[in-house]
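Asks: fold the following and give me the result.
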Amino acid sequence: MYTVTVLESFVAQHFLTVPDAGPEGEPHSHRYEVELTFRGPELNEFDYLVDIDDVEAALDGLHSRYADTMLNDLPEFEGHNPSVERFAKAVWERVTEDVTDDTVTEVAVTIWEDDEAHAAYEASVPCASA
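Replies: Residues are numbered from 1 along each chain as shown. Presented below is the predicted three-dimensional model:
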């Protein structure tokens, strides 16, 4: 199995919407570190797992979408607590729409909200040629 991992970081804001959220219930910022890992058993005709131009476009899209943004105000968090777990799934959904290489069979998204805590979401991706 091949893997390619790339990183992106940005500052975004959120507040938790659960009962008794404590200080996390007030708007605050995190410097999020987003780690995208693409996996697949085969390489393409150029011996790449994934087209790096597609990956760079996805990273640029993540930065444009989330940097200096209040996550709670975005449609992907409507009706959801903007936890780092939920954020990882929202990023996974966005990235798998942008990166559709047939060689990529799984994508994992790990988001660090500080030096000590992270959450991840990973799943198989539908085959682009199916």
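
Asks: okay, which residue is most central for the protein?
Replies: residue 91 (3.0 Å; CA atoms, centre = their mean).

Asks: got a list of what that residue touches?
Replies: 34, 36, 62, 109, 111, 121 (CB atoms under 8 Å, 6 or more residues apart in numbering). (Each C-beta comes from the backbone N, C-alpha and C, glycine too.)

Asks: now, the residues you listed that are in helices?
Replies: Counting by DSSP state H, the contacts of residue 91 place residue 62 in helices.

Asks: pull the most distant pair out of the contacts of residue 91.
Replies: The span of those, defined through CB to CB, is set by 62 and 121 at 14.0 Å.

Asks: who has more neighbours out of the two?
Replies: Neighbour count, other CB atoms under 10 Å: between residue 62 and residue 121, residue 62 has more, with 22 against 19.

Asks: run through the helices of this protein in chain order.
Replies: Along the chain, counting by DSSP H, helices occupy 52-66, 84-98.

Asks: with respect to burial, which of those helices scores highest?
Replies: Stretch with highest mean neighbour count among the helices of the chain: helix 84-98 (a mean of 19; mean count of other CB atoms under 10 Å).

Asks: what angle separates that one from helix 52-66?
Replies: 140 degrees (axes from the mean of the first three to the mean of the last three CA atoms, to 10 degrees).

Asks: using CSV, write down the CA coordinates of helix 84-98.
Replies: C-alpha atoms of helix 84-98 as CSV (Å, rounded to 0.1, in the frame of the first residue of the first chain):
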residue,chain,number,x,y,z
VAL,A,84,-12.6,18.5,15.9
GLU,A,85,-14.1,15.1,15.0
ARG,A,86,-16.9,16.7,13.0
PHE,A,87,-14.4,19.0,11.4
ALA,A,88,-12.3,16.0,10.3
LYS,A,89,-15.3,14.5,8.5
ALA,A,90,-16.2,17.8,6.9
VAL,A,91,-12.7,18.1,5.5
TRP,A,92,-12.8,14.5,4.3
GLU,A,93,-16.0,15.1,2.4
ARG,A,94,-14.5,18.3,0.8
VAL,A,95,-11.2,16.7,-0.1
THR,A,96,-12.7,13.5,-1.6
GLU,A,97,-14.8,15.7,-3.9
ASP,A,98,-11.6,17.5,-5.1
